[in-house]
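> Have a look at this fold, sequence not included:
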């Protein structure tokens, strides 16, 4: 079994696991808002991201989610990081900036590099925090929570129940499909397909040999799943009752209040353009 | 026991593409409490037959009666609700993220009150010996355990007819034994439950009351396991071989030793030790 944590629920009886998924989603949104706010300068953005990182590490520790597993799940993001860095460095800066160096005749500014780093740190933390949510919340609980949030939309004919079920199934099948990918990769490698070496065009061709069987197996899986659900009387528009009932406890309220207070504090810091370094008379980028 | 008719199929015909027939004029009847095994190779039409019975495929030709009624648009859903089906791949039937929630999935669709669901989930888990695993996630279960959960999910809905569509074909021998044991137990505790098992495993047919062999969409053989497995030449023509206990019995017969082949090998051989 893969150690990859991406989207996988890891059962454990921690405090974070037991929290109401509705509170967890609201808290996640609050933390993301705090993370993506615009602050006085780059340094303040990184300080706030650092605070989010501390929160994330505390959550990982409390929920007994393996920090190393989370980090190893992120290794596939290096390509995105590289693309972002190149794009940010190549975009001409109308506002100018502090020149760092030249690549040929192309000026590279410190601000471009910092912009790329800032967005990378934010994306990294956003994914990490979401992974804590998916690792500590059963997919079906997530669905209930999403459905609960989408309930008001149901009054205007929005298919909230169907969408919630689709999301839940997608989450439930992420580990299964990842295992399929791993198995098919091994099968193709044993026939001489090389996914790791050679020219980009050769590697793209190698990945096509992975994509086709993955599509076929996923379609076959979805067909059998649809049959199994249909045979057990699932009707997307039919009336359903719930086996699992969500209960909102005082600890959930406390946790939500903490995250909302954190977000409120971050908004205040952002709106007032508060600069911690300025307080000490330091000028930073 | 009241042996009322559960399924009456006459000349069932179905084709996925024009001009090609996956099932051709298949007829059979199944009484309450009986165990029917439909045997055949891949592509023989046995899964198509299961899907027609459960309403997952429409009836293209022939006549079908379920529980004494002809399925129509109006009563189709209520009739097929009385039929439970367990499919081949245990992973593709696990909808929820824990055993108890998965067993409850069908009950939720029936819109039952929660208290009733809790009771039925526990009863169904007990029937298949999974009561200790209610909080477990699918990835923490073996193939046989997952398949038993799928079985419990269907049993919780209290079907009158249970169809097992190659339900053991993806399992290892231990997983197969687990599922067979659960089914044997079920037949003891629920004698009114009718069973159709669709399989290519001849050993499974030993436990049945009746066996139908399908080949290229046609009914090639029909009878009790004894009647079917004694026709060795006909089986050979259909590229099927009698179960081990039947082959052993014929080999022993040549040596002048008589045993009666049964589902349980040990029981078949027990007269030899006396």
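Received it, and whenever you're ready, just let me know what you need. Bear in mind the structure is a predicted one, so any value in this text is a computation, not a measurement. Numbers count the residues shown, from 1 in each chain, chains lettered A, B, ... in the order given.

> contacts and neighbour counts: CA atoms only from here.
OK.

> and the nearest residue in space to residue B:156 that is not next to it in sequence, what helix or strand is that in?
Counting by CA to CA, 6 or more residues apart in numbering or on different chains, the nearest residue to residue B:156 once its immediate chain neighbours are dropped is residue B:124, at 5.1 Å. For residue B:124, the host element (DSSP states H and E) is helix B:114-127.

> what about the helix or strand just after that helix, near chain A?
Next in sequence after helix B:114-127, counting helices and strands by DSSP H and E, comes helix B:143-155. Yes - interface with chain A: helix B:143-155 contributes residue B:154 (CA under 8 Å from any CA of the partner chain).

> Could you tell me which residues within helix B:143-155 count as buried?
Applying a neighbour-count criterion of 16 or more other CA atoms under 10 Å in any protein chain shown, one finds B:143-155 buried in helix B:143-155.

> Mind listing residues that contact that helix?
A:232, B:84-86, B:89-91, B:93-94, B:99, B:102-106, B:121, B:124-125, B:127-128, B:130, B:138, B:167, B:170-172, B:174-176, B:178-179, B:182 (CA atoms under 8 Å, 6 or more residues apart in numbering or on different chains).

> List only buried entries from the residues you listed.
Buried residues within the contacts of helix B:143-155, counting neighbours by 16+ other CA under 10 Å: A:232, B:84-86, B:89-91, B:93-94, B:99, B:102-106, B:121, B:124-125, B:127-128, B:130, B:138, B:167, B:171, B:175-176, B:178-179, B:182.

> how about the helices in the stretch 101-250 of chain A?
Using DSSP state H, counting those that start in this stretch, the helices found in the stretch 101-250 of chain A span residues A:110-136, A:139-154, A:160-190, A:200-231, A:250-271.

> Of these, which is nearest chain B?
Closest to chain B of the helices of the stretch 101-250 of chain A is helix A:200-231 (CA to the nearest CA; 5.1 Å).

> circling back: which one among the buried residues of helix B:143-155 gets closest to chain A?
Distances from chain A to these, taken by CA to the nearest CA, are shortest for residue B:154, at 7.0 Å.

> In terms of pLDDT, where does the closest one sit?
Note on residue B:154: pLDDT of 92.

> Tell me how many other residues crowd residue 201.
I went with chain A, as the question did not name one. Using other CA atoms under 10 Å in any protein chain shown, residue A:201 has 9 other residues around it.

> oops, chain B please
19.

> Against which helices or strands is the lowest-mean-pLDDT helix or strand in chain A packed?
Sorting the helices and strands of chain A by mean pLDDT, DSSP states H and E puts helix A:67-73 at the bottom, at a mean of 75. Where contact means 3 or more CA pairs under 8 Å, 6 or more residues apart in numbering or on different chains; DSSP states H and E, helix A:67-73 is packed against helix A:42-62.

> got the buried residues for the helix it packs on?
A:42-46, A:48-49, A:52-53, A:56-57, A:59-60.

> Switch those residues over to a markdown table; also include distance to chain B and pLDDT.
Formatted as a markdown table, these follow (distance: CA to the nearest CA, whole Å; pLDDT from 0 to 100):
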| residue | distance to chain B | pLDDT |
| --- | --- | --- |
| A:42 | 42 | 85 |
| A:43 | 42 | 87 |
| A:44 | 41 | 88 |
| A:45 | 38 | 89 |
| A:46 | 37 | 89 |
| A:48 | 35 | 89 |
| A:49 | 33 | 90 |
| A:52 | 29 | 89 |
| A:53 | 29 | 89 |
| A:56 | 24 | 87 |
| A:57 | 25 | 88 |
| A:59 | 22 | 86 |
| A:60 | 20 | 85 |
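
> residue contacts, the residue nearest to residue B:156?
B:103, B:152, B:153, B:155, B:156.

> before we move on, the earlier item: quick one, the helix holding residue B:124 and helix B:143-155 angle?
Here the directions of helix B:114-127 and helix B:143-155 differ by 140 degrees (axes from the mean of the first three to the mean of the last three CA atoms, to 10 degrees).
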